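**Student:** Sequence unavailable; structure follows:
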């Protein structure tokens, strides 16, 4: 569990996240995007996003700015690696959701599972 935005930012900065991601040799960026767009994954992602988003008013301005910084860093690192704005946007959105969850101090199992995928060097694409 990420207990702070600081920890998440540190993990992004020191190469423990995006730089470790490996695709299945038979997969492409398009395959990952298609899996992310599947009804199962997309509906779960949106459910959790709506839940966290409804609580964001409780996040301080500093925490909100930190979430934005984390999203931007995730986007830039992903784009630098794969040159895909779509994939970078998905990864950025994931890290924004993880950062907001950490800022709220909320335990959300689905977000935790998504984070674990990143820690394993995989892009989440299944619920």
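**Tutor:** Structure received. From a predicted model like this one, the values you see are computed outputs, not experimental measurements.

**Student:** any idea how far the residue located most distally from the centre of the chain lies from residue 119?
**Tutor:** In the chain, counting by Cα atoms, centre = their mean, residue 26 sits farthest out from the average C-alpha position, at 23.1 Å. Using Cβ to Cβ, to the nearest Å, we find residue 26 at a distance of 23 Å from residue 119. Where you see a C-beta, it was placed from the backbone N, CA and C, and this is true even at glycine.

**Student:** Then residue 40?
**Tutor:** For residue 40, the distance to residue 119 - Cβ to Cβ - is 22 Å.

**Student:** Same question for whichever helix in the chain runs longest: list its buried residues.
**Tutor:** When the chain is parsed with DSSP state H, its longest helix is helix 61-82. Neighbour-count burial for helix 61-82, counted by 16 or more other Cβ atoms under 10 Å, picks out 63, 66, 67, 70, 71, 73, 74, 75, 77, 78, 79, 82.

**Student:** which other helices and strands contact that helix?
**Tutor:** Helices and strands touching helix 61-82, by 3 or more Cβ pairs under 8 Å, 6 or more residues apart in numbering; DSSP states H and E, are helix 5-13, helix 85-104.
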